[in-house]
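Visitor: Predicted model and sequence follow; I will ask about them next.
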Amino acid sequence: MATSSKSAASSSGTSGRKAAQRPTVRRVAIIGGNRIPFARSNGPYARASNQDMLTSALDGLVSRFSLQGERIGEFAAGAVLKHSRDFNLAREVVLGSKLSPESPASDVQMACGTGLQSIINVANKIALGQMDSAIAGGVDTTSDAPLALNDDLRKILVQLNAAKSNAERLKLVGKLRPGQIVPEMPRNAEPRTGLSMGEHAARTAKAWELTREEQDELAASSHQRLAAAYDRGFYDDLVTPFQRLTRDQNLRADSTAEKLAKLKPVFGGEDGTMTAANSTPLSDGASVVLLGTEEWAKARKLPVLGYLTFSQTAAVDYVHGDEGLLMAPAYAVPRMLERAELSLQDFDYYEIHEAFASQVLCTLKAWEDAGFAKERLGLEAPLGSIDRDKLNVNGGSLAAGHPFAATGARIVATLAKQLAEKGSGRGLISICAAGGQGVTAIVEK
Ligand SMILES: CC(=O)SCCNC(=O)CCNC(=O)[C@H](O)C(C)(C)COP(=O)(O)OP(=O)(O)OC[C@H]1O[C@@H](n2cnc3c(N)ncnc32)[C@H](O)[C@@H]1OP(=O)(O)O
């Protein structure tokens, strides 16, 4: 996955043996995406599983691009929250879809970076000549989240299953205590700190001295831009109605910073600046993207919206260090820019995942800050500011919702289509993830 097209060194081979052909690095085309509209947790998709939603998004893509019965190179996808029966969720989805069951599938896990990481994984294989086509994305449901059993109860049940006599079974049942029967509810929290994503983000927002106003402005703008994109028909091609939902349920076109200013803080205590509107809602949904070589797309008369040309991952030590949990993209982007020999201003569009308005704003502030550049990035000068009119131009996660693993493919498909509409240009993608990680990429047309 690189813009340059140079041949890798050819194998020297041993005498009498034919040298293996080394592939040329190939351009990875983004052909198009599809998703079901995102719903709020315990809303219209409350009875749908991850498999149901991802299969619907995938089959919508298969229909749009006439891929029925096609054996694609690989389907890569994941979910942040999933049941143990879905240990390879992607493969189960392929088997229930209209693709050929001979399409291999891999399961990916990188928290909220899962969707984009899935896309990068298969893009690299296409670039290296290991396959010609792939579909990647993700899904999540907070409505059908897996409940865990208390450790003691789980051990007793496993032993019960293996018990060889009734006496042994009775002995094990006798060990059961009422308190062990209470299930453990999934928590949207970091295992190593016990703090929720929101509490972590609130600490970073305070450290960067963000105001409530700037966060509410970003949130209102996300809603207004998503509403405008729907109104101009930008999403008409890719939205697969699911459970009768035709638009993202969280979208409130009438959101204004003034209205949002009335909401109470939900993270960071009573004087906190983060609310239900400038934080993403808990959501359900699925999205996928079709990738391939230019030749593969051409042979099927499929469009090429743009090319995935660079990617980068980074992680921060939010456990022992003082860096914010969601700040890894602030490190990944400069490293990616250095390799791509680009500056932060060399982009027509910026797609920064709005986990929280504060996360976007802290990242932008970090890139503008001379101290951050010098002390954290080891750079002489800050990356500088971006033109905010180019940021999340078709709305972002605050308005659309954020079914964790589904966000990456939503963003890649949105950006590629925006670039195709413009005709040429370059876009930057930045996604923060739990665990102190970040996944970023560049799309070019
Ligand atoms: C890497 C990452 O991506 S990290 C991010 C991972 N995601 C998260 O951590 C999810 C964070 N979000 C949450 O936990 C929850 O959505 C919360 C805690 C923020 C809010 O939960 P809830 O309180 O259930 O939100 P709810 O939808 O009821 O909204 C609260 C109020 O705000 C109002 N509100 C929310 N958005 C808007 C809006 N755009 N305009 C006007 N009012 C709004 C609601 O109407 C509601 O008002 P009411 O109390 O009068 O009914």
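Guide: Sure, I can see it. Numbers count the residues shown, from 1 in each chain.

Visitor: Please verify my assumption that residue 401 contacts residue 287.
Guide: No - the pair residue 401 and residue 287 does not pass the contact test of CB atoms under 8 Å, sitting 11.2 Å apart. (C-beta placed from N, C-alpha, C; glycine too.)

Visitor: Who has more neighbours out of these two?
Guide: Neighbour comparison, residue 401 and residue 287: the larger count goes to residue 287, with 35 against 26 (by other CB atoms under 10 Å).

Visitor: I'd like to check which residues are in contact with residue 141.
Guide: Listed by CB atoms under 8 Å, 6 or more residues apart in numbering, the contact set of residue 141 reads 41, 45, 48, 49, 50, 53, 79, 81, 284, 403.

Visitor: want to try TSV for the residues you listed, with neighbour count as columns?
Guide: Formatted as TSV, the entries for these read as follows, by neighbours: other CB atoms under 10 Å:
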residue	neighbour count
41	19
45	29
48	23
49	21
50	30
53	29
79	28
81	18
284	32
403	35
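
Visitor: What is the nearest of those residues to the ligand?
Guide: Nearest to the ligand among the contacts of residue 141 is residue 41, at 7.7 Å by CB to the nearest ligand atom.

Visitor: Ramachandran coordinates for that closest one?
Guide: The phi and psi torsions at residue 41 (degrees, to the nearest 10) take the values phi -60, psi 140.

Visitor: So for it, what's the pLDDT?
Guide: Residue 41 is assigned a pLDDT of 96 by the prediction.

Visitor: Do a quick rundown of the helices in this structure.
Guide: Assigned helices in the chain, in chain order: 50-64, 89-95, 114-127, 151-162, 166-174, 197-207, 212-231, 257-260, 294-299, 329-340, 357-368, 370-371, 397-400, 407-422 (criterion: DSSP state H).

Visitor: and the longest one, how far out from the chain's middle?
Guide: This points to helix 212-231. Put simply, helix 212-231 sits 20 Å off its chain's centre (CA atoms, centre = their mean, to the nearest Å).

Visitor: That one vs helix 197-207, what angle?
Guide: 120 degrees (axes from the mean of the first three to the mean of the last three CA atoms, to 10 degrees).

Visitor: what sits against the residue of the stretch 301-445 of the chain found nearest the ligand?
Guide: Residue nearest to the ligand within the stretch 301-445 of the chain: residue 355 (3.1 Å; CB to the nearest ligand atom). Contact analysis of residue 355 by CB under 8 Å, 6+ apart lists 112, 197, 201, 280, 326, 397, 402, 432.

Visitor: Please identify which of the residues you listed is nearest to residue 119.
Guide: Distance from residue 119 was checked for each of those by CB to CB. The minimum falls on residue 112, at 13.6 Å.

Visitor: Name all residues that make contact with the closest one.
Guide: With CB under 8 Å, 6+ apart as the criterion, the residues that contact residue 112 are 80, 353, 355, 402, 404, 405, 407, 431, 432, 433, 434.

Visitor: again, but for residue 441
Guide: The contact partners of residue 441, taken as CB under 8 Å, 6+ apart, are 116, 119, 120, 308, 310, 311, 312, 336, 412, 428, 429.

Visitor: can you redo those as a markdown table with neighbour count and distance to the ligand?
Guide: Rendered in a markdown table, the data for the contacts of residue 441 read as follows (neighbours: other CB atoms under 10 Å; distance: CB to the nearest ligand atom, whole Å):
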| residue | neighbour count | distance to the ligand |
| --- | --- | --- |
| 116 | 34 | 12 |
| 119 | 35 | 17 |
| 120 | 26 | 17 |
| 308 | 28 | 21 |
| 310 | 20 | 21 |
| 311 | 22 | 17 |
| 312 | 22 | 17 |
| 336 | 22 | 18 |
| 412 | 32 | 16 |
| 428 | 27 | 17 |
| 429 | 27 | 14 |
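
Visitor: Next, format these as a markdown table and append distance to residue 136 and pLDDT.
Guide: Compiled in a markdown table, the contacts of residue 441 are given as follows (distance: CB to CB, whole Å; pLDDT from 0 to 100):
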| residue | distance to residue 136 | pLDDT |
| --- | --- | --- |
| 116 | 9 | 98 |
| 119 | 4 | 99 |
| 120 | 8 | 98 |
| 308 | 10 | 98 |
| 310 | 17 | 98 |
| 311 | 12 | 98 |
| 312 | 17 | 98 |
| 336 | 19 | 98 |
| 412 | 9 | 98 |
| 428 | 19 | 98 |
| 429 | 14 | 99 |
